[in-house]
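> fold the following for me, if possible:
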Amino acid sequence: MSHSPRITCEIDENQIATVRLNRADKLNAIDMAMFKAINQITTELKNNKSVRAVIVKANGSDFCSGLDVKSLLTNRKDALKLLFKWWPTLPNAAQRFSIGWRDVPCPVIFAIHGRCWGGGLQLVSGGDFRIASPDANFSIMEAKWGLIPDMGGALAFRELMRQDHTMEMAMTAKVIDCETAKDYGLVTKIATDPYASAYELALECINRSPDVLAANKKLYHRTWWASQGKALGLETWYQIKVAIGKNRAIAARRERKPEEKPSYVARQFK
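Okay, here's the model as predicted:
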């Protein structure tokens, strides 16, 4: 795994990757180097078949205070690089910062503490689970700078929150506490030690076949807002792909003979 001044990534003996935002002196504010580092690591994790789960946390007092406005808004060249896209419906570099986590074919869990504002909130909304400490607070901060959320928020927020809650946060740039965020659907669970809780969830997930994890993630991302026909079709197709894989038989043996607990092979589902 690559390292940069902005993030680190370590994979442990359980094949759980821990990604850390590493700009504590700037409250992990997002600059061009942070965009590049996150987009690179999501690509690497997507292609690493041995990784079973990913946890994203942050060093310092806050998870992420949002965009480094001074850095990005005063450099038009960098701003254009983030917004540029070859085709309107394809994600640009700013949007990949959030939705790129959807393409990582294993559970992605964000462990959040302190401020999670603006681009930081859009970043965590791209994950599968969000576990936050009681002191965490959240804001769609872009309106403060005369902007709208444009890093995949239009996709993620509609899946997590009611429309009126989303619009209220986006229009006012208000800060909400952790309990309110959980009520809104932004937070999966509140825990005093979000990383420990995230790791516990990761261990629960990796007890199952990596193909099952990848198939479930892809199925629900592709069908949550799809037509009935597409949802049922993909459900059947993915079930066939999972059923004929080696890990299906290994999962059955693990259930029949838990004392043996054979290891899964590397992920085969695509």
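> which phi and psi does the nearest residue to Asp62 once chain neighbours are set aside have?
The spatially closest residue to Asp62, leaving aside those adjacent along the chain, is Gly114, at 3.4 Å (C-beta to C-beta, 6 or more residues apart in numbering). C-beta coordinates here come from the backbone N, C-alpha and C atoms, glycine included. With angles defined as degrees, to the nearest 10, Gly114 sits at phi 60, psi -150.
> tell me what the helix or strand hosting Lys182 is packed against?
Here Lys182 sits within helix 178-184, counting by DSSP states H and E. Contact here means 3 or more C-beta pairs under 8 Å, 6 or more residues apart in numbering; DSSP states H and E; on that basis helix 178-184 packs against strand 129-132, strand 137-139, strand 189-190.
> could you export that helix as PDB, CA atoms only?
Provided in PDB are the C-alpha atoms of helix 178-184 (Å, rounded to 0.1, in the frame of the first residue of the first chain):
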ATOM      1  CA  CYS A 178     -24.000  13.000  17.100                       C
ATOM      2  CA  GLU A 179     -27.400  12.000  18.400                       C
ATOM      3  CA  THR A 180     -29.200  14.100  15.800                       C
ATOM      4  CA  ALA A 181     -26.900  12.700  13.100                       C
ATOM      5  CA  LYS A 182     -27.900   9.200  14.100                       C
ATOM      6  CA  ASP A 183     -31.600  10.200  14.000                       C
ATOM      7  CA  TYR A 184     -31.000  11.600  10.500                       C
END
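> just the buried positions in it, please.
Neighbour-count burial for helix 178-184 flags 178, 180-182, 184 (criterion: 16 or more other C-beta atoms under 10 Å).
> okay, those residues in a markdown table with distance to Thr192 and pLDDT next?
Formatted as a markdown table, those follow (distance: C-beta to C-beta, whole Å; pLDDT from 0 to 100):
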| residue | distance to Thr192 | pLDDT |
| --- | --- | --- |
| Cys178 | 11 | 98 |
| Thr180 | 18 | 98 |
| Ala181 | 16 | 98 |
| Lys182 | 14 | 98 |
| Tyr184 | 21 | 98 |
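> which of those lies closest to Asp164?
Tyr184 (10.2 Å; C-beta to C-beta).
> before we move on, the earlier item: ok, residues contacting the helix holding Lys182?
By C-beta atoms under 8 Å, 6 or more residues apart in numbering, the list of residues contacting helix 178-184 from outside reads 132-138, 160-162, 165, 176, 187-190.
> and the buried ones among those, selectable in ChimeraX?
In ChimeraX, this line selects whichever of the contacts of helix 178-184 come out buried by 16+ other C-beta under 10 Å:
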select :132,133,136,137,138,160,161,165,176,187,188,190
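> quick one: which of the contacts of helix 178-184 is nearest Cys106?
When the contacts of helix 178-184 are compared against Cys106 (criterion: C-beta to C-beta), the nearest one is Thr188, at 16.4 Å.
> wait, that closest one sits on Val124?
No - between Thr188 and Val124 there is no contact under C-beta atoms under 8 Å: 10.2 Å.
> remind me which residues of this structure are low pLDDT?
For the chain, the stretches with pLDDT under 70 are 1-3, 73-76, 78.
> for the residue nearest the centre of it, give its distance to Ala266.
Ranked by distance to the mean C-alpha position of the chain (C-alpha atoms, centre = their mean), the top residue is Gly127 at 2.1 Å. Gly127 is 23 Å from Ala266, where distance means C-beta to C-beta, to the nearest Å.
> again, but for Asn137
Counting by C-beta to C-beta, the gap between Asn137 and Ala266 amounts to 39 Å.
> domain parsing for this structure?
7-205, 209-256 (automatic domain parsing).
> returning to that earlier point: am I right that the residue nearest to the centre of the chain sits in a strand?
No - Gly127 is assigned coil when assessed by DSSP: H, G, I helix; E, B strand; the rest coil, not a strand.
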